[in-house]
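K.L.:
from the sequence below, what's the structure:
(one chain, ligands or ions: 2)
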Amino acid sequence: MGKRQDFDHMKLIRRYAGGALFAKGEISLLTFFMFMMLVARLYDPMQITLQNFAAIISCGIQCERLDEVLSTAPQTGTEEMNNKGYDIVFDHVGFSYSDDTDVLKDVNFTAKQGQVTALIGPSGGGKTTISRLAARFWDISEGRISLGGEDISKIDPETLLKNYSIVFQDVTLFNNTVMENIRIGKEGATDEEVMEAARLANCDQFAEHLPQKYDTYIGENGSELSGGERQRISIARAFLKDAPVILLDEATASLDAENETAIQEALSRLIKDKTVLIIAHRMRTIANADHIVVLKDGVVAEQGSPEFLSGYDSIYSHMTKQQMISQNWKM
Ligand SMILES: Nc1ncnc2c1ncn2[C@@H]1O[C@H](COP(=O)(O)OP(=O)(O)OP(=O)(O)O)[C@@H](O)[C@H]1O
Ligand SMILES: [Mg+2]
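P.N.:
Ligands and ions are numbered 1, 2, ... in the order given. From the prediction side, this is the model:
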């Protein structure tokens, strides 16, 4: 309605301006008609162009993003690994997502094979970044990260990832059955292998109650399952893969007691004798870790065993006290 009115308005102005010039004898009749025809032809396309201007700008931004992806060089490396064991060593590591701000500065620590190394610290400290760098999701700008003595930046990402089981919070599930969602952990695994992994990950408890048990479809990204159940599927995948290194991002979302115990049990089975790097949020996990790395603003503020760190006025002791207070907090 509004557009129609604008259009009529413009038509009037054109006619009036053209008519006035014609009346004054400043333009000929032919010029006047030519002008009218030309404007009528030009006006609509111009109006449509302006209407689409916002779409053109947003398209430009999308092209820039696409260009960024296409211009990023793919990571390459050797497909043969000669690692000795599976210790992960961060040696003077510096990293930034973009050029302007350093996310990690001079990070040094070792996650030993057969031990649980817990990353703790305030939000934004760089815990998730470290766990992703350990699996070469990005390449670092300074220092060296090694797995069993081998520089991971020289290993082909696909070869490297065969050594890792990753249980992050944002687990990706497909609109398929529980069975197929777990089988993703190991290509070509038999039904028996999948069921065994599911049992170890405490998936039995909920799968038995589903209408078609392990053959039940779980909806887009597992929408028909609870957070705890989704996480147990992710743990089952890790059991099936049985990789020597485990990267874990412990759930922050509050789970009900039953779910939490089931997950804790499954995790303690999973991490046995592996190199475990865990982003820990729960006091119980932290206290049971062999080595703790406290990250603050991208630097290792302190590190050591729980006993060592609780022996003085450390950030760790402070965090422990805070958690005790919040656990005892009542309405
Ligand atoms: N993909 C990304 N691109 C750019 N900056 C990022 C990206 N991911 C994280 N950052 C930035 O890097 C810093 C460290 O983030 P990181 O996610 O590693 O922290 P965190 O310790 O895991 O925090 P939290 O406890 O809240 O999960 C933050 O300042 C964050 O804004
Ligand atoms: Mg994080």
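K.L.:
tell me how this structure divides into domains.
P.N.:
With domains defined by automatic domain parsing, the chain comprises 2-71, 88-327.
K.L.:
which stretch among those comes nearest Glu80?
P.N.:
Set against Glu80 and scored by Cβ to Cβ, these come closest in domain 88-327, at 7.7 Å. C-beta here means a position set from N, CA and C on the backbone, and glycine is covered the same way.
K.L.:
so for the closest one, what's the average pLDDT?
P.N.:
Domain 88-327 carries an average pLDDT of 87.
K.L.:
the stretch 1-150 of the chain: strands as residue ranges?
P.N.:
In the stretch 1-150 of the chain, the segments counted as strands under DSSP state E, counting those that start in this stretch are 88-95, 104-111, 116-120, 142-147, 150-151.
K.L.:
closest to Phe35 out of these?
P.N.:
When those are ranked by proximity to Phe35 (Cβ to Cβ), strand 88-95 comes first, at 64.0 Å.
K.L.:
picking that back up, want to throw the domains of the chain into JSON lines with mean neighbour count and distance to ligand 1?
P.N.:
Listed next are the domains of the chain as JSON lines, based on neighbours: other Cβ atoms under 10 Å; distance: least, Cβ to the nearest ligand atom, whole Å:
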{"stretch": "domain 2-71", "mean neighbour count": "11", "distance to ligand 1": "12"}
{"stretch": "domain 88-327", "mean neighbour count": "18", "distance to ligand 1": "3"}
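K.L.:
so which of the ones you listed is nearest Thr78?
P.N.:
Nearest of those (Cβ to Cβ): domain 88-327, 6.0 Å.
K.L.:
how far away from the center of its chain is the closest one?
P.N.:
13 Å (Cα atoms, centre = their mean, to the nearest Å).
K.L.:
follow-up on the earlier one: out of the domains of the chain, which comes closest to Met81?
P.N.:
domain 88-327 (6.0 Å).
K.L.:
distance of Val194 relative to Gly143?
P.N.:
Using Cβ to Cβ, to the nearest Å, Val194 is found at 40 Å from Gly143.
K.L.:
now swap in Val103 and tell me
P.N.:
From Val103 to Gly143 the distance is 13 Å (Cβ to Cβ).
K.L.:
of all the strands of the stretch 1-150 of the chain, which lies closest to Thr49?
P.N.:
Thr49 sits nearest to strand 88-95 of all those, at 44.5 Å, using Cβ to Cβ.
K.L.:
the closest one pairs with which strands, parallel or anti?
P.N.:
Looking at strand 88-95 with DSSP bridges, its partner strands are strand 104-111 (antiparallel), strand 142-147 (antiparallel).
K.L.:
of those strands, which approaches Leu247 most closely?
P.N.:
So among those, strand 104-111 is nearest, using Cβ to Cβ, at 9.6 Å.
K.L.:
quick check: angle from that closest one to strand 116-120?
P.N.:
150 degrees (axes from the mean of the first three to the mean of the last three Cα atoms, to 10 degrees).
K.L.:
can you list contacts of strand 104-111?
P.N.:
87-96, 117, 126, 129-130, 133-134, 140, 142-143, 275-277, 291, 293, 295, 298-300, 303 (Cβ atoms under 8 Å, 6 or more residues apart in numbering).
K.L.:
6 Å - rerun?
P.N.:
87-90, 92-95, 117, 126, 275, 277, 293, 298-300, 303 (Cβ atoms under 6 Å, 6 or more residues apart in numbering).
K.L.:
quick one: the helices in the chain?
P.N.:
Here the chain has its helices, by DSSP state H, at 2-23, 29-51, 53-71, 127-133, 157-161, 178-183, 191-200, 204-207, 227-241, 257-270, 283-288, 306-309, 315-327.
K.L.:
okay if I get those as TSV plus distance to Met81?
P.N.:
Conversion of those to TSV gives the following (distance: least, Cβ to Cβ, whole Å):
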stretch	distance to Met81
helix 2-23	65
helix 29-51	57
helix 53-71	28
helix 127-133	18
helix 157-161	6
helix 178-183	25
helix 191-200	25
helix 204-207	35
helix 227-241	17
helix 257-270	23
helix 283-288	30
helix 306-309	33
helix 315-327	35
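K.L.:
lovely, talk soon.
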